[in-house]
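Asks: Predicted model and sequence below, questions to follow.
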Amino acid sequence: RTPLLQGTSTAGSLTFTDTKPSTIVEVYYADYFTFGATWTIDGVAQTDIPCLDTGTTKKVTVSGLTSAAHTVVITPKTGADSTHPFYVAGTSFLNAAGIAVHNLGLGAATTADMLTFGPIGYGQLGQWSEITIARKIAPKLVTIEAGANDSALTSYVSAIQAAATQLATDGADTLLVGEPPAGNNRVNRQTIPLLYGLADSADLPLVDLHDVLTSWEYMEAR
């Protein structure tokens, strides 16, 4: 249930390869333990990724690269093992101008799980929740689409509200998305009306995919 990748030995590298040209590379990682990692871009060694065991989300950035599809390889330093891994949240390939889209998701999680603010203890979900990683990316717009696993509706609403409030403080806008129809024909009768109320009370835009697609059969047919 964690969105992190784990490097557990110096023999096990993590490789990220893009297919589109970029000139900037960012690596997002969890600052746990103190051994850190080495990394390369297209086989060229970069300044080591440091870890100071602060328990926070960090990133390293390299800009001014030749415009090309790049490959990043991250290798934990000596000290990494199955109980002391080097945690990587992901890698972004960017350009100085234009729109970059990041897709952050977490299976079998509730909305409150994904929008919990860290930090908490080692290996805990909240430290590496989607909202924690999204804030490190420093986006201009965050789209929130969630609700399939939610039964505690009060925490569902409060989690989205808290996320939108924090994102506004960070300088980002929030767009709410009502979920499309599900294969079990669940019509989200509980969560979608709550989104409408939240959109009104918090003055947030809402795109209701369920209203547009109406049913699983209709959506599948198209």
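Replies: Yep, it's here.

Asks: next structured bit after the longest strand along the chain?
Replies: Ranked by residue count under DSSP state E, the longest strand found in the chain is strand 86-94. Where DSSP states H and E defines the elements, the next helix or strand beyond strand 86-94 is helix 111-114.

Asks: Please compute how far that following helix lies from its chain's middle.
Replies: Centroid separation for helix 111-114 versus its chain: 12 Å, with Cα atoms, centre = their mean, to the nearest Å.

Asks: For it, enumerate the helices and strands it packs against.
Replies: helix 153-170 (3 or more Cβ pairs under 8 Å, 6 or more residues apart in numbering; DSSP states H and E). C-betas here are computed from N, CA, C, even on glycine.

Asks: if we go to 10 Å?
Replies: On a contact count with 3 or more Cβ pairs under 10 Å, 6 or more residues apart in numbering; DSSP states H and E, helix 111-114 meets helix 130-137, helix 153-170.

Asks: Give me the buried stretch members for that helix, please.
Replies: Neighbour-count burial for helix 111-114 flags 111-114 (criterion: 16 or more other Cβ atoms under 10 Å).

Asks: And for stretch 170-185?
Replies: Within stretch 170-185, the residues that qualify as buried by neighbour count (16+ other Cβ under 10 Å) are 172, 174, 176-181.

Asks: related to what we said a few turns ago, the longest strand of the chain packs against which elements?
Replies: Counting contacts by 3+ Cβ pairs under 10 Å, 6+ apart, strand 86-94 is packed against strand 5-7, strand 14-17, strand 24-30, strand 37-41, strand 57-62, strand 71-76, helix 130-137.
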